[in-house]
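1. Give me a 3D structure for the following:
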Amino acid sequence: MKTVKIYTDGACRGNPGLGGWGVLMVYETKEKKLYGGQKDTTNNQMELKAAIEGLKALSEPCFVELTTDSKYVMQGITQWIDNWQKNNWKTANKKDVKNKDLWIELYNEKSKHQINWNWVKGHSGHRENEIADELANKGIDNL
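-> Predicted coordinates:
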């Protein structure tokens, strides 16, 4: 299996407001950049969308090193998602999981790959995270 590094970021101008997501994919020496945006969204939704779109761009099962600066995505995917899925996408207090549709999509995409999830502090000079951030803002600018 190929090993691919994926760096993701989401951005929002207003929360909710105009949002964008950005993905930098690295395979061996090649880099691929993806981005998009939508109106009336939230920062957390764009963070999730970035991870989803990065994984959807893979054409075959891969070992993935996925790096995000979102604690929401990181904690959701590594600590909460399996229980949510078991509990029919309900939280411990029996409420619907926020952004349920995106979490379900991410859950389905992650099951196709072997993923190591990593968190990095945003806006701290991490080259690939800064590129993902620029791409997320480009997603907003192109709305």
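2. switch to C-alpha atoms for all contacts and neighbour counts from now on
-> Noted.
3. Surely I115 is in a strand?
-> Yes: remark: I115 belongs to a strand, assigned using DSSP: H, G, I helix; E, B strand; the rest coil.
4. which SS state does the spatially closest residue to it that is not a sequence neighbour fall under?
-> Of all residues not flanking I115 in the chain, V64 sits nearest, at 4.6 Å (Cα to Cα, 6 or more residues apart in numbering). When classified by three-state DSSP, V64 comes out as strand.
5. V64 and M1 touch, don't they?
-> No: look at V64 against M1 with Cα atoms under 8 Å: they stay out of range, at 9.8 Å.
6. Those two: which has the busier surroundings?
-> Shown here are V64 and M1; by other Cα atoms under 10 Å, V64 has more neighbours (22 against 10).
7. Would you check how far apart the more buried one and G17 are?
-> According to Cα to Cα, to the nearest Å, V64 stands 31 Å off from G17.
8. State the pLDDT value of the residue positioned nearest the centre of the chain.
-> Centroid-nearest residue in the chain, with Cα atoms, centre = their mean: A51, separated by 2.3 Å. On pLDDT, A51 comes in at 98.
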